[in-house]
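Q: sharing a model prediction with you, sequence too.
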Amino acid sequence: MSRQADPTPLEVIIVDDEEPARRLLREYLNELGSVRIVAECANGFEAVRAVQEHDPDVLLLDIQMPKLDGFEVLELIEREVAVVFVTAFDEHALRAFEVHAVDYLLKPFSAERLAQALERAQARVAEGSPPAPQELADDARPERGPLERLLVRDGAEVHVIPAEDVDYIEADDDAVVIHAAGRRHRKLQRLAELEDRLDPERFVRVHRSYLLNVDRLRKLELYAKDSRLAILADGARIPVSRAGYARLRERM
Amino acid sequence: MHPILGDRRALRLYLMAWLPIVALLAALLRLAGWPDWPRALAFAVPLLAADAFLCLAAWYPCRALPLSEGVPRALLAHLGTAALVGFAITAGGAALAKVPILGLRNRAGAGLTPSQAGLLAAVGMLLYLLSVAVHYLLAAVASSREAEKRALEAEVTARQAQLETLKAQVNPHFLFNSLNSIAALAGSEPATARSVCVELAGFLRGTLGVGGRRWHPVAEELELVRRYLHVEQARLGERLRVEEEIDAAVGGDSMPPLLLLPLVENAIKHGVAQRLDGGTVRLIAKRRGDALVLGVDSPLADDGPAKGGPGVGLANIRRRLRAELGDGASLSTAAKDGVYRARIVLGPGERHRDRREEE
């Protein structure tokens, strides 16, 4: 077992809501030797927390899980990590994986197949080029209707915000600030990306930096030539550009 | 247009069928005093050639007046038309008889004698009526063939629906997850791995076995469902808890196979598996009055019935109930106090429909 002498074992986190599935991965990984399991997670919340805490090299990630699925976990991770999806059967996901050359394991899989996936992951880590988890989630996630909820991480805490609770979203450098139910949540994501994924019937880009939930709009005030202010139900005021006004009128 | 006119081969056959009639008319003409065979044939051929096409015209009134919508009316119309055709043939014959080359001379001078005219009228009418009869016969054959084809198509559609249902039963996701559980247990708990294998095999054998059966005993359905839950238990562990509320007396009742199973699958997929701490699946099979009630209670997902929901499976069950039992059965669902309740009610007429039908 020369590999056990490896000074820097690959650090791995296992994420699967099924105990037997975790057990199998654990057994296989223990036999490999050059791998250290730094955390085992039974759900997406634990996974997000564990990744922030342990900063692993590789994430073995189940897709179908309660509350937060595998893609949503990736959306909340801001660390560089090589991801290997683990799934039983999901035609849509598989097609997306094939298209984006994402590594995945189909349950049940052999120890050899796992070793192979880890080697590839290790190579990606060594090159320092695993794709950012958020990009990976965007690429590999199969297309499914508009977003029904937004996920925000605050330290190790994950907040789930239903889309209908959002008042408006504001761009802030390369992040966004989500205003919902009187609270502000910051998230590393581009406003255009959110605009694409949210229901266009409800969310209108009223300004370069603002995405408005039209259900919250109380009235519009002329502010200067070609620019207006939207007054929301809770009294908040956000700017409306000329193009944004045209888009609003189109919706009304 | 008449179908024969659009088909050269059919038209040729049809005209050939008229050759014996030509010969027959020539013979009748000879008996009615025609001077010789060549002239009788020269007279009969053009006349009957015209009649052959006149008789095809029967297609239109036959289509317009199907016998199923009143025989007397149709008969009257056809007799009237036949009289017209007889008159036309007689008039044509009279004109033809005056053609000099036919050289027809008799006591009346050039032309037809009254008995010859009567003969032509009778032949014209009879041939037309014969054509009407043949058209009705062909229409009857075609419609019975059509009915047969429709019945066959309906049968194929029903089979297709059944196959789809069966295919959906052996859900690949379930199968691969179960195999993965067995692989995991094989290392540390070989005895459990074996028992999961046995239950999975029993489940598969059971679902494959009901293929093609319209009814099976409730006890068999429950057996299948229990095996399914046993296999899922290996995967979900303590997250899955099972309770039963089963009236032993209903075990012998009959039900269409694989109705309860999709409800249990939904209960796991959209309920228990969507919850961090899982939940209880409650199986229900009991009598209410004379009706049989089958059902499943399951916990709602943590975030309510958001992601996808059990719509497709339920629609499929409803379709089957409607197709197989009409108004005799129903499926209802309700979400209340964190519990999702699904109930299938089979009316008394259905419950007692026993296996005699099968055997």
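A: Sure thing, it's come through.

Q: the worst-scoring helix or strand of chain A on mean pLDDT: which residues count as buried?
A: Scoring the helices and strands of chain A by mean pLDDT, DSSP states H and E places helix A:91-100 at the bottom, with a mean of 72. Residues of helix A:91-100 classed as buried by neighbour count (16 or more other C-beta atoms under 10 Å in any protein chain shown): A:93, A:94, A:96, A:97. Every residue, glycine included, has its C-beta placed from N, CA and C.

Q: and stretch A:176-194, by the same measure?
A: Quick answer for stretch A:176-194 (16+ other C-beta under 10 Å): A:176, A:178, A:179, A:180, A:185, A:187, A:189, A:191, A:194.

Q: residue contacts, the first one?
A: By C-beta atoms under 8 Å, 6 or more residues apart in numbering or on different chains, the contact set of residue A:176 is A:169, A:170, A:186, A:187, A:189, A:190, A:191, A:194.

Q: can you tell me how far it sits from chain B?
A: Distance of residue A:176 to chain B, given as C-beta to the nearest C-beta, to the nearest Å: 22 Å.

Q: just the third one next, same as before
A: The span separating residue A:179 from chain B equals 21 Å under the rule C-beta to the nearest C-beta.

Q: if we can go back for a sec, can you put the buried residues of helix A:91-100 in a markdown table and add distance to residue B:183?
A: Below are the buried residues of helix A:91-100 laid out as a markdown table (distance: C-beta to C-beta, whole Å):
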| residue | distance to residue B:183 |
| --- | --- |
| A:93 | 21 |
| A:94 | 20 |
| A:96 | 25 |
| A:97 | 22 |
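
Q: pull the most distant pair out of these.
A: A:94 and A:96 (7.2 Å; C-beta to C-beta).

Q: one step back: tell me which of the contacts of residue A:176 fall in strands.
A: A:169, A:170, A:186, A:187 (DSSP state E).

Q: number of nearby residues for residue B:189?
A: If you count neighbours by other C-beta atoms under 10 Å in any protein chain shown, residue B:189 ends up with 15.

Q: where does it fall, phi/psi-wise?
A: Per-residue torsions, residue B:189: phi -130, psi 70 (degrees, to the nearest 10).

Q: that one and chain A: what is the separation?
A: Distance from residue B:189 to chain A, by C-beta to the nearest C-beta: 9 Å.

Q: state the mean pLDDT of stretch A:17-25.
A: Averaging pLDDT along stretch A:17-25 gives 94.

Q: ok, that stretch near chain B or not?
A: Yes - for stretch A:17-25, a contact with chain B is found by C-beta under 8 Å from any C-beta of the partner chain, at A:17, A:18, A:19, A:20, A:21, A:23, A:24.

Q: in which helix or strand does the residue lying closest to the fourth one once chain neighbours are set aside reside?
A: Read that as residue A:20. Once flanking residues are discounted, residue A:20 sits nearest to residue B:184: 3.6 Å by C-beta to C-beta, 6 or more residues apart in numbering or on different chains. Here residue B:184 sits within helix B:172-188, counting by DSSP states H and E.

Q: try residue B:281
A: Per DSSP H and E: strand B:279-288 holds residue B:281.

Q: what's the helix or strand that comes right after that strand packed up against?
A: Downstream of strand B:279-288, the next assigned helix or strand under DSSP H and E is strand B:291-299. Helices and strands touching strand B:291-299, by 3 or more C-beta pairs under 8 Å, 6 or more residues apart in numbering or on different chains; DSSP states H and E, are helix B:218-236, helix B:260-266, strand B:279-288, strand B:339-346, helix B:348-351.

Q: pick the most buried one from these.
A: Mean neighbour count, computed with mean count of other C-beta atoms under 10 Å in any protein chain shown, is highest for helix B:260-266 among the helices and strands packed on strand B:291-299, reaching a mean of 23.

Q: tell me what that one is packed against?
A: In this structure, helix B:260-266 packs against helix B:114-169, helix B:218-236, strand B:279-288, strand B:291-299, helix B:311-325, strand B:339-346, with contacts taken as 3+ C-beta pairs under 8 Å, 6+ apart.

Q: mean pLDDT lowest for which of these?
A: Among the helices and strands packed on helix B:260-266, helix B:311-325 scores lowest, at a mean of 77.

Q: now that one: buried residues?
A: B:313, B:314, B:317, B:320, B:321, B:324, B:325.

Q: do stretch B:200-212 as well
A: B:200, B:202, B:203, B:204, B:206, B:207, B:210.

Q: try stretch A:147-160
A: For stretch A:147-160, by 16+ other C-beta under 10 Å, it's A:149, A:150, A:151, A:152, A:153, A:158, A:159.

Q: now do the same end-to-end measure for it.
A: Start-to-end span of stretch A:147-160 (C-alpha to C-alpha, to the nearest Å) is 12 Å.

Q: so what touches it?
A: With contact meaning C-beta under 8 Å, 6+ apart, stretch A:147-160 is reached by A:44-45, A:48-49, A:52-53, A:67-68, A:72, A:75-76, A:78, A:161-163, A:166, A:178, A:180, A:185-187, A:194, A:197-199, B:303, B:306.

Q: what residues does chain B have near chain A?
A: Chain B comes close to chain A at residues B:172-173, B:175-177, B:179-185, B:187-188, B:234-237, B:273-276, B:301-303, B:306, as judged by C-beta under 8 Å from any C-beta.

Q: give me the buried subset of the residues you listed.
A: B:173, B:175-177, B:179-185, B:234-236, B:273-276, B:301-302.

Q: mind giving me a markdown table with the helices and strands packed on helix B:260-266 and columns for distance to residue B:58?
A: Below are the helices and strands packed on helix B:260-266 laid out as a markdown table (distance: least, C-beta to C-beta, whole Å):
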| stretch | distance to residue B:58 |
| --- | --- |
| helix B:114-169 | 4 |
| helix B:218-236 | 59 |
| strand B:279-288 | 63 |
| strand B:291-299 | 58 |
| helix B:311-325 | 43 |
| strand B:339-346 | 54 |
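
Q: between those, which one is nearest to residue B:193?
A: That would be, of the helices and strands packed on helix B:260-266 and by C-beta to C-beta, helix B:218-236, which comes in at 8.4 Å.

Q: does residue A:86 sit in a helix, a strand or a coil?
A: Three-state call for residue A:86 (DSSP: H, G, I helix; E, B strand; the rest coil): strand.
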